[in-house]
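Participant: Just a sequence and a predicted model for now, questions to come.
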Amino acid sequence: FYISGDIKEAKEYTAWNQLMRNATENDAVILHINSSGGDIFTAIQLMRTMAESPATVIASVEGMCMSAATLIFLCADVCEVSDHSHFMFHTYSSGNWGKGNEQLASVIADDKWARTLFNSVYKGFLDPKEIKEMIDGKDFWMDPIEVKKRLEKRNKTVKKTKGIAKKRGRRV
């Protein structure tokens with residue numbers, strides 16, 4: 001599958017979701033990413049589908065991987081990074097309307113939602129201070145060397161966590 005350009009509305013990816021959910025453990029699904037991001041809720045649905053898929057999901061960045069595309073990338077079973085790719089991690093963008101009290105309630109709910117999402121997906125890739133800075137508005141730009149280094153560090157942490165959980169009889 002090719003995630004090229006903007007990540008569009010979820011209805012554009014129905015066939016992808018269905019295919020990944022019907023794949024077997026003997027299948028591999030490759031997501032070729034060259035995207036500046038887009039619809040975060042489509043990304044969230046794809047992340048869920050990827051997690052449910054028995055197939056090995058490979059995310060291969062071939063150009064840019066920014067915004068919502070980074071969420072998809074980091075949720076793959078295997079993350080590949082092409083030379084000269086460009087990455088950018090940042091907080092969400094949104095709009096708001098309604099009466100003042102409704103707008104305030106929406107902003108508070110969005111903030112809580114974003115903190116939970118970003119702390120979950122970026123954990124181990126960005127450190128807690130960087131996640132907080134990102135939520136507070138800082139953009140993180142990275143080249144392939146930096147991304148590969150962070151993936152390596154995250155993978156070592158995940159393997160260690162899985163090993164501890166396995167010894168305790170838990171599934172991670």
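Facilitator: Cool, got the structure.
Participant: Identify the spatial nearest neighbour of the residue nearest to the spatial centre of the chain, chain neighbours not counted.
Facilitator: Residue closest to the average C-alpha location in the chain (CA atoms, centre = their mean): L71, at 1.3 Å. Setting aside the residues directly before and after it, L71 is nearest to A43 in space (CB to CB, 6 or more residues apart in numbering), at 4.8 Å. The way it works is simple: take the backbone N, C-alpha and C, and place the C-beta from them, glycine included.
Participant: hmm, back to that, surely the residue nearest to the centre of the chain is within a helix?
Facilitator: Yes - residue state for L71 (DSSP: H, G, I helix; E, B strand; the rest coil) corresponds to a helix.
Participant: wouldn't it be in contact with I44 here?
Facilitator: Yes - if you go by CB atoms under 8 Å, L71 and I44 touch, sitting 7.4 Å apart.
Participant: which residues do these two both contact?
Facilitator: Shared contacts of L71 and I44 (CB atoms under 8 Å, 6 or more residues apart in numbering): L117.
Participant: separation between M64 and S93?
Facilitator: 17 Å (CB to CB, to the nearest Å).
Participant: More neighbours: which of the two?
Facilitator: In terms of neighbours (other CB atoms under 10 Å), M64 is the more surrounded of M64 and S93; the figures are 18 against 9.
Participant: what's across from that one in the sheet?
Facilitator: Residues in a beta bridge with M64, per DSSP bridges, are H86.
Participant: now do W141
Facilitator: Applying DSSP bridges, one finds that W141 bridges with M88.
Participant: circling back to that earlier point, let's verify the residue nearest to L71: helix, strand, or coil?
Facilitator: Relying on three-state DSSP, one would call A43 helix.
Participant: quick one: it and A69 touch, right?
Facilitator: Yes - at 7.3 Å, A43 counts as touching A69 under the criterion of CB under 8 Å.
Participant: Identify the contacts common to the two.
Facilitator: Common neighbours of A43 and A69 (CB under 8 Å, 6+ apart) are 7, 37.
Participant: I figured A114 was touching T91, is that so?
Facilitator: Yes - contact criterion CB under 8 Å: A114 and T91 qualify, at 6.3 Å.
Participant: The two: which is more packed in?
Facilitator: Neighbour comparison, A114 and T91: the larger count goes to T91, with 19 against 16 (by other CB under 10 Å).
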